[in-house]
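> Attaching a predicted model along with its sequence, questions to come.
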Amino acid sequence: MPAVHELHFTVALAAAPAEIFACLIRPEEVMTLTDPNAGVRLRSGPKVMAAGTANELEITGFGVPQRVVYTVTAFEDRGPAGGAFTETMTKGPLPVFENDHVVAPAAEEGDGCTVHETYRFAPPGGLLGFVLTADRLRGELEKGLAYRRRALIERFGAA
């Protein structure tokens, strides 16, 4: 089993947790928060994610276009308090890729919410592993998350 790496992302937003959660479980909405230059395109997916649903993406950022499938392996809608879900890569080049999303009320009532994401990933083996190293994957994720942070704050306001 390859070494699994983690990356954490947190952003405080001025909007209600339910509003942010509703945005993050809609694949087409998420694409509006994704850097258009990142080489990621939504090929298919549900209008609204739920446990067991899957999104198929095409990723061209690493040279050869890759089709990947992310399946929602855990899902909890907490109503006004937001919610949580986990996406797991079930088809693609990485032996391990999971993304936990948690949207929760801010510590101070009425102060918006916090979005926290945890990424767990392992680079592939073989020749592809020479290109998709842990450092390169982390760097690409960090660039994508910096864009996502700016897009979320622009759309919902910083708390």
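Yes, it's here. What you see is a predicted model, and the numbers here were worked out from it, not measured in a lab. Numbers count the residues shown, from 1 in each chain.

> hey, where'd the strands end up in the chain?
For the chain, the strands defined by DSSP state E cover 5-13, 40-44, 54-59, 66-77, 83-91, 96-105, 113-122.

> For residue 144, find the nearest of those strands.
strand 40-44 (8.1 Å; C-beta to C-beta). The C-beta positions use only the backbone N, C-alpha and C, and glycine is treated the same way.

> partners of the closest one, with directions?
Using DSSP bridges, the strands paired with strand 40-44 are strand 54-59 (antiparallel).

> Residue 38 is in contact with residue 144, correct?
Yes: with contact defined as C-beta atoms under 8 Å, residue 144 counts as touching residue 38 (5.8 Å).

> which of the two has more neighbours?
residue 144 (18 against 14; other C-beta atoms under 10 Å).

> Run the chain-centre distance for the worst-scoring helix or strand of the chain on mean pLDDT.
Across the helices and strands of the chain, mean pLDDT, DSSP states H and E gives its lowest value to helix 128-131, namely a mean of 82. Relative to its chain's centre, helix 128-131 lies at 22 Å (C-alpha atoms, centre = their mean, to the nearest Å).

> Having no further points to raise, I will conclude here.
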